[in-house]
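Asker: A predicted structure for the sequence below; I have some questions about it.
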Amino acid sequence: MNFTKMHGCKNDYLYIDCTKHELINPAEISVKLSDRHTGIGSDGIILICSSQVADFRMRIFNADGSEAEMCGNGIRCVGKFVYDFGLTDKEEVSIETGVRSAEEETKGIIPENRIKVLQLKVENKEVTAATVDMGRPILTPNEIPVVSAKDEFINEPVNIEGKDWYFTCVSMGNPHAVTFVDDTKSLDLPAIGPKFEFNEIFPNRTNTEFIKVISRTELEMRVWERGSGETLACGTGACASAYAAILNNLAEDEVTVHLLGGDLIIKYDRPSEHIFMTGPCETVFSGSVVV
């Protein structure tokens with residue numbers, strides 16, 4: 001099997017071209033190849049597939065084999081992959097995201113908000129960065145999902161092992177719980193991360209972002225990703241965090257989010273109510289492996 005390792009702000013995945021051939025048992029393969037000691041090492045694998053409703057479809061499998069709905073850093077790398085490897089010559093590319101239901105798989109009808117449009121930045125015939133229209137953030141609790149009787153889950157306390165953490169919950173196509181902290185560096189994420197991810201109020205588990213507000217135009221972020229643990233960056237998490245900061249009157253409509261792996265520029269466009277994410281995408285190496 002051929003693959004290409006790529007990363008966006010050091011959020012790294014193995015990208016596999018499945019436009020002509022289906023990959024059998026992708027969950028098992030992701031667990032095997034993602035292991036950083038016995039495999040190639042990555043946060044998971046991303047399959048690039050054909051789509052009836054967009055230019056391409058992406059499927060994401062985390063390092064633990066679970067399938068994710070969306071990955072902001074991953075989708076930029078998908079744009080780079082399809083352009084750099086000649087699957088398209090377009091600099092505006094549409095990507096189908098999300099996990100298809102059985103009905104969607106049969107009928108091929110995908111909700112419009114799951115089609116993301118990328119504007120590719122091309123230099124010397126290679127994509128170096130991309131801006132993604134991430135769509136409208138979702139605040140309705142049962143659509144995130146988070147268990148709540150309220151219309152929105154904004155700055156709400158959740159008690160975890162005797163301590164109240166205040167969360168703002170947002171879906172960017174996948175679930176996020178954002179909490180604002182005074183210091184991100186001292187957090188012991190391997191110890192506390194699973195307690196957030198598997199908390200009973202998150203039926204599908206959650207990604208958790210820990211945010212320090214540097215100024216109204218700068219945020220510092222660490223993230224515990226559902227199914228992968230702490231990663232160096234999370235694009236959808238940066239979008240959710242920027243929007244949560246806006247909702248809590250802590251940030252302007254355009255912010256730079258500083259992640260462990262690099263910076264992302266997140267802009268909230270009020271007329272359309274869409275979030276736009278701009279960031280880099282890089283190829284590490286290509287190879288082949290027996291699976």
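Answerer: Alright, I've got the coordinates.
Asker: where along the stretch 101-250 of the chain do the helices fall?
Answerer: Counting by DSSP state H, counting those that start in this stretch, the stretch 101-250 of the chain has helices at residues 102-107, 189-197, 235-247.
Asker: Tell me which of these approaches Val31 most closely.
Answerer: helix 189-197 (17.3 Å; CB to CB). In short, each C-beta sits where N, CA and C put it, glycine included.
Asker: List the contacts of the closest one.
Answerer: 160-161, 165, 177, 202, 205-208, 210, 222, 224, 226, 229-230 (CB atoms under 8 Å, 6 or more residues apart in numbering).
Asker: Touching, Thr231 and Arg222? I think so.
Answerer: No. Assessed by CB atoms under 8 Å, Thr231 is found out of contact with Arg222, at 9.4 Å.
Asker: Okay, the closest residue to Asp133 other than its chain neighbours and Val181: tell me how far apart.
Answerer: Nearest non-adjacent residue to Asp133, counting by CB to CB, 6 or more residues apart in numbering: Val117, 4.8 Å away. With distances taken as CB to CB, to the nearest Å, Val117 is found 33 Å from Val181.
Asker: Model confidence at Glu161, what's the number?
Answerer: Listed pLDDT for Glu161 reads 89.
Asker: What about it, how many residues nearby?
Answerer: Using other CB atoms under 10 Å, Glu161 has 7 other residues around it.
Asker: pLDDT weak spots in the stretch 101-250 of the chain?
Answerer: Counting by pLDDT under 70, the stretch 101-250 of the chain contains no low-confidence residues.
Asker: All the strands of it, residue numbers only.
Answerer: For the stretch 101-250 of the chain, the strands defined by DSSP state E, counting those that start in this stretch cover 115-123, 126-135, 156-160, 163-171, 175-180, 207-215, 218-225, 229-231.
Asker: Pipe those strands into JSON lines and attach mean neighbour count and distance to Arg59 per row.
Answerer: Putting the strands of the stretch 101-250 of the chain into JSON lines (neighbours: other CB atoms under 10 Å; distance: least, CB to CB, whole Å) gives the following:
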{"stretch": "strand 115-123", "mean neighbour count": "18", "distance to Arg59": "14"}
{"stretch": "strand 126-135", "mean neighbour count": "20", "distance to Arg59": "17"}
{"stretch": "strand 156-160", "mean neighbour count": "14", "distance to Arg59": "31"}
{"stretch": "strand 163-171", "mean neighbour count": "20", "distance to Arg59": "18"}
{"stretch": "strand 175-180", "mean neighbour count": "25", "distance to Arg59": "18"}
{"stretch": "strand 207-215", "mean neighbour count": "22", "distance to Arg59": "18"}
{"stretch": "strand 218-225", "mean neighbour count": "24", "distance to Arg59": "17"}
{"stretch": "strand 229-231", "mean neighbour count": "19", "distance to Arg59": "18"}
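Asker: Let me have the ones you listed in JSON lines, extended by distance to Phe276.
Answerer: Formatted as JSON lines, the strands of the stretch 101-250 of the chain follow (distance: least, CB to CB, whole Å):
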{"stretch": "strand 115-123", "distance to Phe276": "9"}
{"stretch": "strand 126-135", "distance to Phe276": "6"}
{"stretch": "strand 156-160", "distance to Phe276": "27"}
{"stretch": "strand 163-171", "distance to Phe276": "15"}
{"stretch": "strand 175-180", "distance to Phe276": "17"}
{"stretch": "strand 207-215", "distance to Phe276": "18"}
{"stretch": "strand 218-225", "distance to Phe276": "16"}
{"stretch": "strand 229-231", "distance to Phe276": "22"}
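Asker: Highest mean neighbour count out of the helices of the stretch 101-250 of the chain?
Answerer: Among the helices of the stretch 101-250 of the chain, judged by mean count of other CB atoms under 10 Å, the one packed with the most neighbours on average is helix 235-247 (a mean of 28).
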